[in-house]
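Sequence below, structure please.
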Amino acid sequence: MNVITTFTTKQREKEIKSERTLLRGISIKMLQESVRKHFGYIKIQGGTFMQEGFDEACFDVAIEAYLLGGKVSKFGHEGEGEERVKQRCHTELKHFIDTLYNFWLYWAEVGVTQPVDESFYHSCEHFVDTWWEEGYRQGMKRLKLRLH
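Predicted structure coming up:
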């Protein structure tokens, strides 16, 4: 007897396989160093410094941006410039940046003891852009080596 599968099921399986292979290119240590580099030690409510939960929230956003960059790298491989490809996923990147920024505004004492300024938003923006570009580069490398 034959098993009937749908197109969407096969498409999702292929997407998961692609994401797994992309994720082999990053490590928890890389993510931790990136969070420290972009945000340092930000004081959160209650007087303690960043904990694992806050790192993990940044990790989630970084991984999503990384996977998005890897996913759209196929357009760059087909001849589009990196900035043009980045414009394709502007909405998703803006959502990631806003999510991370609002997370930090809620949990950090940025608005309580420190004035809220644009530099913090730019830190979030740079963090997301860095991980998107890393995913884009890894995706391009895999496509050039025909490892897709």
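
Run a quick neighbour tally on residue 139.
Neighbour count for residue 139, taken as other CB atoms under 10 Å: 28. All C-beta atoms are positioned from the backbone trio N, CA, C, and that covers glycine.

Any idea which residue is closest to the centre of this structure?
Centrality entry for the chain: nearest residue to the mean C-alpha point is residue 65, 2.3 Å, by CA atoms, centre = their mean.

which residues touch that residue?
Counting by CB atoms under 8 Å, 6 or more residues apart in numbering, residue 65 touches 93, 96, 128-129, 131-132, 135.

rerun at 7 Å
Applying CB atoms under 7 Å, 6 or more residues apart in numbering, we find residue 65 in contact with 93, 96, 128, 131-132, 135.

ditto for residue 31
59, 62.

Also residue 146?
For residue 146, no residue meets the contact criterion (CB under 7 Å, 6+ apart).

what about it, which SS state?
Under DSSP: H, G, I helix; E, B strand; the rest coil, residue 146 falls in the coil class.

Return the distance of the residue nearest to the centre of the chain relative to residue 130.
Residue 65 sits 8 Å away from residue 130, going by CB to CB, to the nearest Å.

picking up where we left off before, in helices, which of the contacts of residue 65 appear?
Those of these mapping onto helices are 93, 96, 128, 131-132, 135, per DSSP state H.

Tell me where the protein has helices.
With helices called from DSSP H, the chain shows them at 7-23, 28-39, 52-77, 82-88, 90-107, 118-144.

Residue 22 and residue 73: what is the separation?
Distance, residue 22 to residue 73, by CB to CB: 9 Å.

more crowded one of those two?
residue 73 (24 against 21).

which stretches of the protein aren't confidently modelled?
1, 41-53, 108-117, 147-148 (pLDDT under 70).
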